[in-house]
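A.B. asks: The sequence and its predicted three-dimensional model are supplied below.
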Amino acid sequence: MFSNLINSLVVISIVFIFLFSLLLVFKWLLFSSQWGVVTQNLPLYAFGVFPVDQRWRPCLWLLILAFLSIVTIFKPRWSWFGKVLPIAWVGVIPLGVGLLSGGLGLLPVESRHWGGFTLTILLMSCSALLAFPLGIMFAIGRQSKLPLIKYFSALYIDALRAVPLISILFFGQLLIPLFLPLGVEINRVSRAVISFTLFVAAYIAEDIRGGWQAIPNSQLEASKALGLSQAQTIRFIILPQALTIALPALTNQAIGLLQNTSLMSILGLVELLGISRSILANPVFIGRYIEVYVWLAGIYWVICTVMALLLRQLEEKVSIQRRIRKNV
Amino acid sequence: MSHIIRANNLVKSFTKGLRALDDISMVVNKQEVLVVMGPSGSGKSTLIRTFNGLETFDSGKLEVVGVPLYSNHDERNIRAIRRKVGMVFQQFNLFPHLSILENIILAPMKVQKLTRIEAEEHAMHLLSQMGITKQARKYPSQLSGGEQQRVAIARALALKPELLLFDEPTSALDPERVNEVLDAMRTLAQKGMTMVVVTHEVGFAREVADRVLFMDSGKLIEMTTPDIFFSNAKHERSRKFLNQIEK
Amino acid sequence: MKMRKGLWIQVLVLALVFSLILVLVNNISTNLIRSGLGFDFGWLNRTAGFALAEHVLPYSSSDNYAWALLIGWLNSLKVIFASLIMATLIGFFVGILSAGRNTLLRFLASLYVTFIRQIPLLLQLLFWYFVGFLSIQGNLIGPFKGILNISNQGIVILGINLSAEFSALLIGLSVYSGAYISEIVRGGIQSVSRGQWEAFRSLGLAENIGLIKVIMPQALPAILPGLTSQYLNLAKNSTLAIAVGYSDIYAISDTIITQTGRAIEGFILLLISFFFLNIIISNCMELLNNRLLSYQKH
């Protein structure tokens, strides 16, 4: 009886706190919020300080991405579509880089003018695209029979996983120029992409290793008994299964990567969070923290949800065809 | 040369001095069906798995499909053997991420470098032999155990092997599914396929086997025709084993 | 032939990796020589010259860089340790709620978890700092004056003074990690078989007692490994302190490297300090794990 009383008290107080905060939020929404800081700066949030007459380029890219996302999530019944879609998703990333940087008849735009939501998506997609094969390489390296390759891969994975991301990004900005030959320079965005790639690859490698270890030994025996070589076994038997098992973990990595691009706002890039901080520094909008943060939280929330939906499509597609755990 | 497997004094020890294989010498001839029997832990699985290099051994000499194998486990020779020796496992071990057809054509395409068309044609032929053509585009998890095991046999046959190894092929099946697999094996035997089969199926052994090999505690106890083995076994241990499985 | 081919591929890969490393090392040494920096740790002994708002041990701007780094490390330890305790409390509380039978509480718990996980930690920290603390006017809680004081200067609780930076970081990290920990706790509780619940209920034990005495001891072995990795994440995430101006090890390294240009040495020192942090956390958890296991065996 006594514990029931405590239980009820806990329930009542939690619900009370929840309703009270809800009330505060509504009161703020109705009476004190001023959304000028958001509505007047929409182009800045979207494209940063990209030259005004060239804004159609990031705009076009974002529209293509949105189109791809919609058709992926809602799966139209065009039969040719399933084959084109993966290629389109991989191809759209270099297309974005091309559209932003210009060249080939387009006016070149320096990377320091890139910004806002476009830069956030660009950082995320480029890093993911590069980190994925690198992560697979390190995962294979870690399982290698050659001790040198094995320990080098293990050292890399463990070291990168031991340090905070912000330090990798910071030292990436400082050290990557030092590692390059004299006269070769790369911009801050590329340095950020390289740092993210190196960091995320270690996590991807570890996730794939988890999937790898879940594959029963009997699969390897069956492959060996068929006369497949070590490399063929990895390529055709292990990797497809390991990746399928690791897919939920890899989804979390991708969403984590998107959120982590916000760290570049500390290191001088004006991606979504960075541009918002500059807007907040403008005396006109001083003190409008809540509106901006709520707006940003909404954007990140929507993008994370969309990414989760996209990757869930992939998971479903893979698991319908290949029920891996069921029968081994 | 009429033999396909020749083993001389094979020895494999586990730690603690236990022997999985204790001085095994034997020969399997071409077109012969050899059934290996013995209580669990007798080393019969270990023996059959040494024939295609899935298990190593400590001393002795082995020759399979004309390729010699010594205890140093030469990777090149092992792969040469595996290209000519098919294996069917107790748990089927189909690749769950590949369709039935892909399971079968993988090795012919990657090991024998056949084109996809050649490999698929042969695979469909094998599937029709096994009576499961309709399942070609399905995935392993959509098939019953008996169907999966017949796919596994087709997969092992795809490399046109000179020898097929069966490691308890019916032990993981529901009782009513056992016969469809045994029938497929019977047909293969009639066509002259050389087979080494680890099994507890006495009926199959009586009817199909040319010889029966009985093992206990890593030792080859006797190797004789099924008639003699089942009605008039020489050794005490064989008789004891037969009594137990007939109960 | 096959074996040979495999060997050659491996040799080739190794040669490529090593020549890449060689080129990088060569580049960096020419760059360092050119900039006249070289590679040494002598600068650690020079005067830091910057002030720190928060220090556990005595510190002034005339102390040297090495001492400043140690102060930063202790500051990190302080905020990590405090957040770790709070995050654990939040995580277990929410985790138990979300594994419980009350639908409303389960819904609220999952709302909290999805909400927190979909928003970048950095944004959350900025929110707690700029909105949660800096925009407070006067004292937030009137009636408790003297016991609990929350203002834009931070929190004063029973005479203990916590700066606004520390408090924002503490709350932000705890609320964020708490969401992840609650998922692990929920998973652990749900891994205990239903029969155990039915068993203690049929014995007439109250829900709370049964949870503490029967379910939790069995869930803990499943919870601890996940908990360890969350603690390690929390330690790494604490470096976002720089965004709210708290002087942790990373923020101080950042300042020192900007002042001295010693990026490589600074990176190595940061690596070492995180190495120690990780060792401390993993060893404590290992100890806890062993204690738990030996306790359960008796």
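C.D. replies: Perfect, thanks for sending it. Residues are numbered from 1 along each chain as shown, chains lettered A, B, ... in the order given.
A.B. asks: the helices in the chain, which residues?
C.D. replies: With no chain named, the answer covers chain A. Under the criterion DSSP state H, helices of chain A are mapped to A:2-27, A:36-39, A:42-47, A:56-74, A:81-101, A:116-142, A:147-162, A:165-179, A:188-213, A:217-225, A:230-232, A:239-260, A:272-281, A:289-321.
A.B. asks: You answered for a different chain; I wanted chain B.
C.D. replies: B:44-50, B:75-84, B:100-110, B:116-129, B:145-157, B:178-190, B:202-208, B:226-232, B:236-246.
A.B. asks: now the stretch 151-298 of chain C
C.D. replies: C:164-191, C:194-202, C:207-210, C:216-237, C:249-260, C:263-297 (DSSP state H, counting those that start in this stretch).
A.B. asks: so which of the helices of chain B is the most packed in?
C.D. replies: Of all the helices of chain B, helix B:145-157 has the most neighbours on average by mean count of other Cβ atoms under 10 Å in any protein chain shown, namely a mean of 24. Placement of C-beta: from N, CA and C, glycine included.
A.B. asks: and the angle from that one to helix B:178-190?
C.D. replies: 20 degrees (axes from the mean of the first three to the mean of the last three Cα atoms, to 10 degrees).
A.B. asks: How about B:Thr225: what's its closest non-neighbour residue?
C.D. replies: Spatially, and ignoring its direct neighbours in sequence, B:Thr225 is nearest to B:Arg211 (5.8 Å; Cβ to Cβ, 6 or more residues apart in numbering or on different chains).
A.B. asks: Surely the one you found and B:Asp227 touch.
C.D. replies: No: B:Arg211 is not in contact with B:Asp227 according to Cβ atoms under 8 Å; the separation is 10.4 Å.
A.B. asks: from the chain's centre, how far out does stretch B:233-241 sit?
C.D. replies: 24 Å (Cα atoms, centre = their mean, to the nearest Å).
A.B. asks: Contacts for it, please.
C.D. replies: B:37-39, B:214, B:216, B:221-222, B:224, B:228-229, B:242 (Cβ atoms under 8 Å, 6 or more residues apart in numbering or on different chains).
A.B. asks: quick one: low-confidence ranges for the chain?
C.D. replies: If you meant another chain, say so; for now it's chain A. A:1-3, A:76-82, A:320-328 (pLDDT under 70).
A.B. asks: wait, I meant chain B there
C.D. replies: B:1, B:247.
A.B. asks: what does chain B have sitting close to chain C?
C.D. replies: B:75-76, B:79 (Cβ under 8 Å from any Cβ of the partner chain).
A.B. asks: what do you get if the cut-off is 6 Å, keeping everything else the same?
C.D. replies: Contact residues (Cβ under 6 Å from any Cβ of the partner chain) of chain B with chain C: B:75-76.
A.B. asks: swap in chain A?
C.D. replies: So far as Cβ under 6 Å from any Cβ goes, chain A lies against chain C at A:3, A:18, A:146, A:162-164, A:166-167, A:171, A:174-175, A:178-181, A:259, A:262, A:266, A:289-290, A:293, A:296-297, A:300-301, A:304.
A.B. asks: can we see that at 7 Å?
C.D. replies: By Cβ under 7 Å from any Cβ of the partner chain, the residues of chain A that approach chain C are A:3, A:11, A:14-15, A:18, A:146, A:148-149, A:162-164, A:166-167, A:170-171, A:174-175, A:178-182, A:229-230, A:259, A:262-263, A:266, A:273, A:289-290, A:293, A:296-297, A:300-301, A:304-305.
A.B. asks: just checking, A:Leu311 touches A:Gln253?
C.D. replies: No: between A:Leu311 and A:Gln253 there is no contact under Cβ atoms under 7 Å: 10.2 Å.
A.B. asks: Give me the more crowded residue out of those two.
C.D. replies: Neighbours around A:Leu311 and A:Gln253, counted as other Cβ atoms under 10 Å in any protein chain shown, are more numerous at A:Gln253. The numbers are 21 against 18.
A.B. asks: show me the contacts for that one.
C.D. replies: A:200, A:203-204, A:207 (Cβ atoms under 7 Å, 6 or more residues apart in numbering or on different chains).
A.B. asks: Identify the farthest-apart pair in the contacts of stretch B:233-241.
C.D. replies: B:Pro39 and B:Ile228 (19.8 Å; Cβ to Cβ).
A.B. asks: List the residues that contact residue 198.
C.D. replies: Just so you know, I chose chain A. Applying Cβ under 7 Å, 6+ apart, the residues contacting A:Leu198 are A:160, A:168.
A.B. asks: My question was about chain B, not that one.
C.D. replies: Taking Cβ under 7 Å, 6+ apart, one finds B:36, B:44-45, B:48, B:166-168 in contact with B:Val198.
A.B. asks: Put together TSV for these, with distance to B:Glu246 on each row.
C.D. replies: Putting these into TSV (distance: Cβ to Cβ, whole Å) gives the following:
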residue	distance to B:Glu246
B:Val36	18
B:Lys44	18
B:Ser45	22
B:Ile48	23
B:Phe166	22
B:Asp167	23
B:Glu168	18
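A.B. asks: of all those, which comes closest to chain A?
C.D. replies: B:Asp167 (9.8 Å; Cβ to the nearest Cβ).
A.B. asks: how far away is that closest one from B:Leu47?
C.D. replies: Per Cβ to Cβ, to the nearest Å, B:Asp167 is found 10 Å from B:Leu47.
A.B. asks: How about B:Gln149?
C.D. replies: 21 Å.
A.B. asks: ditto for A:Ile6
C.D. replies: 66 Å.
A.B. asks: And C:Ser163, by the same measure?
C.D. replies: 74 Å.
A.B. asks: Equivalent analysis for B:Leu143, please.
C.D. replies: 30 Å.
A.B. asks: What count of nearby residues applies to the residue nearest to B:Thr225?
C.D. replies: B:Arg211: 19 neighbours (other Cβ under 10 Å).
A.B. asks: does it really touch B:Val36, like I thought?
C.D. replies: No: at 9.9 Å, B:Arg211 does not count as touching B:Val36 under the criterion of Cβ under 7 Å.
A.B. asks: can you pick the most crowded of the contacts of A:Gln253?
C.D. replies: A:Ile204 (28 neighbours).
A.B. asks: Please name the nearest non-neighbouring residue to that residue.
C.D. replies: A:Gly135 (2.8 Å).
A.B. asks: Check B:Thr133 too.
C.D. replies: B:Leu127 (4.9 Å).
A.B. asks: residues in contact with the one you found?
C.D. replies: Contacts of B:Leu127 (Cβ under 7 Å, 6+ apart): B:133, B:136, B:154.
A.B. asks: Please identify which of these is nearest to C:Val11.
C.D. replies: Closest to C:Val11, out of all of those and judged by Cβ to Cβ, is B:Ala154, at 39.4 Å.
A.B. asks: give the contact list for C:Tyr65.
C.D. replies: C:43-44, C:46, C:48, C:256.
A.B. asks: ditto for A:Trp35
C.D. replies: A:Trp35 neighbours (Cβ under 7 Å, 6+ apart): A:Glu291.
A.B. asks: Can you report how many residues lie near C:Ala235?
C.D. replies: 24.
A.B. asks: That one and C:Ile80 touch, don't they?
C.D. replies: Yes: using Cβ under 7 Å, C:Ala235 is in contact with C:Ile80, at 5.1 Å.
A.B. asks: residues from the stretch 51-200 of chain C in reach of chain A?
C.D. replies: So the stretch 51-200 of chain C meets chain A at C:102, C:104-105, C:108, C:118-120, C:122-123, C:126-127, C:130-131, C:135 (Cβ under 7 Å from any Cβ).
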